[in-house]
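[1] I'll drop the sequence and a predicted model, then ask my questions.
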Amino acid sequence: MLFMILVKAAKNSEEGKLPSERLMQAMDAYNEELEQAGVRVMAKGLHPTANAIRISYPADRGEPVVTNGPFAPAEDLVAGFILIDVATQEDAVRWAKRMPDPQGNGEGQIELRQVF
């Protein structure tokens, strides 16, 4: 079963600030654990939405609308993701709960979603 761990953005990630060295080491160790267990498919961080483009589709089926970032609020945005392949939803939750706070300082939040 494929699951995506979505790392929610925060003020620091939207400002393009890199995590502390301590947090980077903790995330590297977590990713290494995922890899050694054979469950990690892919892990990537995303640029801040200041570099993003949003395309919206109007209800009247008119021409799609292109909007340049940045977007707000930060907590509604995604800063990165990890794709894991596990046997059960419980395994996915177990792995997700092991992730260090991805933003540090109690600001991090992740979302776990199964992939079709």
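    Okay, I see it.

[2] So Ser20 sits against Gly104, correct?
    Yes. Checked against Cβ atoms under 8 Å, the pair Ser20 and Gly104 is within contact range at 6.1 Å. No exception for glycine: its C-beta is placed from N, CA and C like everyone else's.

[3] of the two, who's got more company?
    Of the pair Ser20 and Gly104, Gly104 is the one with more neighbours under other Cβ atoms under 10 Å, namely 15 against 12.

[4] residue contacts, that one?
    Applying Cβ atoms under 8 Å, 6 or more residues apart in numbering, we find Gly104 in contact with Pro19, Ser20, Leu23.

[5] run the last query once more with 6 Å
    Listed by Cβ atoms under 6 Å, 6 or more residues apart in numbering, the contact set of Gly104 reads Leu23.

[6] tell me the SS of it?
    With DSSP: H, G, I helix; E, B strand; the rest coil as the basis, Gly104 sits in coil.

[7] Buried residues of the lowest-mean-pLDDT helix or strand in the chain, list them for me.
    The least trusted helix or strand in the chain, going by mean pLDDT, DSSP states H and E, turns out to be helix 11-14, with a mean of 90. Within helix 11-14, the residues scored as buried using 16 or more other Cβ atoms under 10 Å are Asn12, Ser13, Glu14.

[8] likewise stretch 67-81?
    Phe71, Ala74, Leu77, Val78, Ala79, Gly80, Phe81.

[9] Point out the ones among those residues that are inside strands.
    Secondary structure from DSSP state E places Val78, Ala79, Gly80, Phe81 of the buried residues of stretch 67-81 in strands.

[10] Now do the same contact list for the first one.
    The one in question is Val78. By Cβ under 6 Å, 6+ apart, the residues touching Val78 are Leu6.

[11] Would you state the predicted confidence (pLDDT) at it?
    On pLDDT, Val78 comes in at 96.

[12] Distance check, it against Ala26.
    Separation of Val78 from Ala26 (Cβ to Cβ, to the nearest Å): 20 Å.
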